[in-house]
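Peer 1: sequence and computational prediction follow.
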Amino acid sequence: AHLARISAVEPQVNAFLHVDAEATLAQARAVDARRAAGEALGPLAGVPIAHKDVFTTTDMPTTAGSKILEGYRPPYDATVTRRLREAGLVILGKTNLDEFAMGSSTENSAYGPTRNPWDLTRIPGGSSGGSSAAVAAYEAPLSTGTDTGGSIRQPAAVTGIVGMKPTYGGSSRYGLIAFASSLDTPGPFARNVLDAALLHEAFSGHDPMDSTSVDAPVPSVVEAARHGDVAGLRVGVVKEFGGDGYQPGVLARFHESVELLESLGAKVVEVSCPSFSTALPAYYLIAPSEASSNLARFDAMRYGLRVGDDGTRSAEEVMALTRAAGFGPEVKRRIILGTYALSSGYYDAYYGQAQKVRTLIARDFEAAFHQVDVLVSPTTPTTAFPIGERADDPMAMYLADLCTIPTNLAGNAAISVPCGLADEDGLPVGLQIMAPVLGDDRCYRVAAAVEK
Ligand code: GLN
């Protein structure tokens, strides 16, 4: 049924970069055989899933949305891919994204934009926009994404689905094509909170293959999603998120959600996080700095594309020609920004300062979580914007992640859950619920309450 749905709507939505119906059906039969052989499979066995095309897959290409990796076949599965295969999920295909996960709209994909199923003239968010659109369009019941600055929560919000950024280190980065290693976090997309929790639990947990993986006991997110009880819970409204630049319809749905939580017995207070206003500039130094280092590996020798290797050119010339042809404009912008910020003489002024701001943001969260159990805000300042509207204006594009980025810098957990449609345009609005490090269960508990 999902393959038929994909065939029917892909010409309009363009959520997938790779679909192979035969391979999917073969996987499904293999899961049936495992079940018939008496293997105890988990609750998601046989359920189809779409993977963001930054998770390596041995049986499918992995491009990261870039021409530089066109046709690349990874020799190993990402931990997220492997664990979900073991749990019996069936891979429908690989989904579209902004090149190397850099963007908020999927317009930076080298393979054309994905369109929002609610309105095909609008963006589905990004960078995990293929994964959000696939689930919103009923092409897949579940999908994976990665969130470095908002790339799960923002697309979830603007397509009306649930998207969760787990605690940094709570889900493995092994086999995830790196953007900014100190921020990158794999997480789930689903159409409801319990489905997201089931998927989250199926791939998360300690992984010895990822040196930043957290090895600590965590409360069950599935149990939390089942209960959704917020009586007595202390909810903090982040004072700094709201006002100018926020769409009235987004704020209206946000305030209703806060009232709903109050009516369910939560104690709501206003909390100030003064350093959050500096998160965006700090992020746009730290993330490009890490990206400029991570993307150095695309050198025309080890992976994918190689341009100009005709026997007359030096390795450096081939490298330069390949990177010039293989990377898109946003990726180049980030490499230049990051290389500049890390260069000697500028390091302390830019990267060093940004790291200090990062510490201040983590302290704001710490202070806030002494007063409250969770923080809430709109996930995004606006609903889905029209394709093309911000394509030539990087600053306007970067603002889509205003509310999501502080969580990435501090490494804590946050979820986006649908909270209604904006009056102006009838498009979905997301509520963001932020919890302390390893407090992922609280996100699900509150999200489940809002969903009801
Ligand atoms: N939109 C942000 C960026 O472009 C976040 C992307 C992400 O989370 N991968 O960097």
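Peer 2: On my side now, so go ahead.
Peer 1: C-alpha only now, for contacts and for neighbours.
Peer 2: Will do.
Peer 1: next, Asn108: phi, psi?
Peer 2: Per-residue torsions, Asn108: phi -90, psi 10 (degrees, to the nearest 10).
Peer 1: measure it to the ligand for me?
Peer 2: 9 Å (CA to the nearest ligand atom, to the nearest Å).
Peer 1: and Ser344, what pLDDT?
Peer 2: As predicted, Ser344 sits at a pLDDT of 89.
Peer 1: my read is it is in a strand, agree?
Peer 2: No - using DSSP: H, G, I helix; E, B strand; the rest coil, the assignment for Ser344 is coil, not a strand.
Peer 1: and it, how many residues sit next to it?
Peer 2: Close neighbours of Ser344, defined as other CA atoms under 10 Å, add up to 9.
Peer 1: gap between it and Phe241?
Peer 2: 35 Å (CA to CA, to the nearest Å).
Peer 1: and Ala368, by the same measure?
Peer 2: Counting by CA to CA, the gap from Ala368 to Phe241 is 14 Å.
Peer 1: same question, Ser105
Peer 2: Per CA to CA, Ser105 is found 21 Å from Phe241.
Peer 1: compare the two (neighbour count), which wins?
Peer 2: A direct count of neighbours by other CA under 10 Å for Ser105 and Phe241 places Ser105 higher, at 34 against 22.
Peer 1: ok, that one touching Ser131?
Peer 2: No - applying CA atoms under 8 Å as the test, Ser105 and Ser131 come out as separate, 11.9 Å apart.
Peer 1: which residues sit in contact with Gly46?
Peer 2: Gly46 sits next to Ala28, Val31, Asp32, Gly88, Leu89, Val90 when contact means CA atoms under 8 Å, 6 or more residues apart in numbering.
Peer 1: what's the spacing between it and Val450?
Peer 2: Taken as CA to CA, the span from Gly46 to Val450 is 29 Å.
Peer 1: circling back to that earlier point, most neighbours, which of the contacts of Gly46?
Peer 2: Neighbour counts for the contacts of Gly46, by other CA under 10 Å, peak at Leu89, which reaches 27 neighbours.
Peer 1: interface residues of the stretch 251-400 of the chain facing the ligand?
Peer 2: Applying CA under 6 Å from any ligand atom, we find that the stretch 251-400 of the chain lies next to the ligand at Tyr398.
Peer 1: OK, contacts around the residue in the stretch 251-400 of the chain positioned nearest to the ligand?
Peer 2: Residue of the stretch 251-400 of the chain nearest the ligand, by CA to the nearest ligand atom: Tyr398 (6.0 Å). Tyr398 is in contact with Gly103, Ser104, Leu280, counting by CA under 8 Å, 6+ apart.
Peer 1: in contact with the closest residue to the first one other than its chain neighbours, which residues are there?
Peer 2: Spatial nearest neighbour of Gly103, chain neighbours left out: Ser127 (5.2 Å); criterion: CA to CA, 6 or more residues apart in numbering. When contacts are counted by CA under 8 Å, 6+ apart, Ser127 is found next to Leu97, Asp98, Glu99, Ala101, Met102, Gly103, Ser104, Ser105, Thr106, Ser151, Ile152, Pro155.
Peer 1: next one: phi and psi at the residue of the stretch 251-400 of the chain closest to the ligand?
Peer 2: The phi/psi pair for Tyr398 (degrees, to the nearest 10) reads phi -60, psi -30.
Peer 1: now do the helices in the stretch 51-200 of the chain.
Peer 2: For the stretch 51-200 of the chain, the helices defined by DSSP state H, counting those that start in this stretch occupy 79-86, 129-136, 153-159, 193-203.
Peer 1: likewise for the stretch 201-350 of the chain?
Peer 2: Under DSSP H, counting those that start in this stretch, the stretch 201-350 of the chain gives helices at 221-227, 248-263, 279-294, 315-326, 329-342.
Peer 1: most packed of those helices?
Peer 2: For the helices of the stretch 201-350 of the chain, the largest average neighbour count (mean count of other CA atoms under 10 Å) is found in helix 279-294, namely a mean of 22.
Peer 1: now do the same for Ala8: helix, strand or coil?
Peer 2: Here Ala8 is helix, with the state taken from three-state DSSP.
Peer 1: can you tell me how far it is from Ala1?
Peer 2: Counting by CA to CA - Ala8 and Ala1 are separated by 11 Å.
Peer 1: between those two, tell me which one has more neighbours.
Peer 2: Neighbours were counted for Ala8 and for Ala1 using other CA under 10 Å; Ala8 has more, 12 against 9.
Peer 1: which phi and psi values does the nearest residue to Val90 once chain neighbours are set aside adopt?
Peer 2: Nearest residue to Val90, sequence neighbours excluded (CA to CA, 6+ apart): Pro48, at 4.5 Å. Torsion angles at Pro48 (phi, psi; degrees, to the nearest 10) stand at phi -70, psi 150.
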